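Colleague: My questions are about this predicted structure, shown below with the sequence.
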Amino acid sequence: MECLQTRKFPQLCYRKAGKGPAVMLVHGFPENCNLWHKIIPVLANSFTVLVPDLPGSGKSSFTGNLSIEDMAEGLNLILEQEQIEKVVLAGHSMGGYTALAFAELYGAKLKGLSLVHSQAAADTDEKKETRRKAIALIRKGGKDVFVRQMIPNLFSKAFKAAYPEVIAQQIDRGMQLSADSMVAFYNAMINRPDRISTLYSNINIPVQWIIGKEDTVAPPEKVAEQSNATNVSFVSVYKDSSHMSMIEQDKVLAEDLRSFMLYCFRN
Ligand code: MLT
């Protein structure tokens with residue numbers, strides 16, 4: 001694991017694998033870089049793969065408040081550290097919200113953007129309210145209860161029934177995140193702006209949309225509609241996935257990411 005230090009990020013750590021053009025895989029909530037462990041070896045055959053722990057996750061930390069834009073700045077610091085000028089960014093869910101902020105702030109560095117079970121709209125008022133209730137529960141010491149409730153809902157019915165042990169592993173991983181980080185991530189997501197206009201105006205690169213048919217966090221209809229906004233869109237709908245195709249259908253996702261990334265560097 002490589003790490004860099006700044007005042008805002010006392011530790012900002014990432015895994016690095018492979019050789020070739022640079023791609024970066026950004027995890028979501030409540031995850032860390034290990035989310036991508038089945039995807040990294042496939043991509044490392046063709047690319048330099050950078051996989052951060054977002055600030056507050058895994059081995060990375062932050063001081064003060066945390067916004068989605070701060071996290072995008074963290075991704076840029078890693079690219080600067082590695083002296084990488086062009087990258088294809090793939091972000092899962094909250095990682096996709098971060099990748100969209102990156103596109104707004106550092107768009108010239110992007111060769112392509114992959115939104116994996118993610119989308120560009122801000123939280124609805126209802127969603128903000130649900131998050132505030134979760135924050136209250138976490139602050140009252142209910143972090144583990146919250147993680148146990150939320151994680152199973154990220155998987156398809158068939159996957160949950162077939163692989164209860166994988167769900168249990170994911171719950172364990174979610175519980176590793178501190179209560180303070182959970183609250184910071186939820187506040188960052190509540191406060192993020194709508195970035196639909198970013199899709200229309202700021203993005204002239206290919207965009208990949210990975211959609212899970214059973215996903216309730218990034219619902220298929222909503223995401224498919226947003227995919228019309230980008231100039232060059234690659235849309236894949238996984239009928240047997242919900243929100244976690246890097247676990248539910250890892251081989252299919254790895255191959256789709258690889259083909260998309262190769263396309264981005266060829267064009
Ligand atoms: C994630 O997977 O990153 C979260 O579920 C995103 C969200 O809560 O909006």
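Modeller: Sure thing, it's come through.

Colleague: so what's whichever residue of the chain sits closest to the ligand scoring on pLDDT?
Modeller: Residue nearest to the ligand within the chain: Gly28 (2.5 Å; C-beta to the nearest ligand atom). From N, CA and C alone the C-beta is placed, and that goes for glycine too. Predicted confidence (pLDDT) for Gly28: 97.

Colleague: gap between it and Ser181?
Modeller: 13 Å (C-beta to C-beta, to the nearest Å).

Colleague: okay, the two: which has more neighbours?
Modeller: Gly28 (27 against 23; other C-beta atoms under 10 Å).

Colleague: Ignoring the adjacent residues along the chain, who's closest to that one?
Modeller: Using C-beta to C-beta, 6 or more residues apart in numbering and skipping the chain neighbours, the partner closest in space to Gly28 is Ser93 (3.4 Å).

Colleague: got the contact list for the one you found?
Modeller: Taking C-beta atoms under 8 Å, 6 or more residues apart in numbering as the criterion, Ser93 is in contact with Gly28, Phe29, Val116, His117, Ser118, Val217, Ala218, His243.

Colleague: Also Asn231?
Modeller: Ile203, Asn204.

Colleague: Phi first, then psi, for it.
Modeller: Dihedral angles of Asn231 (phi, psi; degrees, to the nearest 10) stand at phi -60, psi -50.

Colleague: go on, the one 10 residues further on?
Modeller: Ser241 adopts backbone torsions of phi -120, psi 160, taken as degrees, to the nearest 10.

Colleague: And for it, nearest residue in space, chain neighbours not counted?
Modeller: Gly212 (3.7 Å).

Colleague: Surely the one you found touches Tyr238?
Modeller: Yes. If you go by C-beta atoms under 8 Å, Gly212 and Tyr238 touch, sitting 5.3 Å apart.

Colleague: any common contacting residues for these two?
Modeller: Common neighbours of Gly212 and Tyr238 (C-beta under 8 Å, 6+ apart) are Ser245, Glu248.

Colleague: Helix or strand: which one has the closest residue to Leu177 other than its chain neighbours?
Modeller: Take Leu177 and drop its neighbours on the chain: the residue closest to it by C-beta to C-beta, 6+ apart is Pro30, 4.4 Å away. Taking DSSP states H and E as the definition, Pro30 sits outside all helices and strands.

Colleague: Point me to the helix or strand that includes the closest residue to Arg132 other than its chain neighbours.
Modeller: What sits nearest to Arg132 in space, not counting adjacent residues and going by C-beta to C-beta, 6+ apart, is Ile190, at 7.4 Å. Per DSSP H and E: Ile190 is located in helix 179-191.
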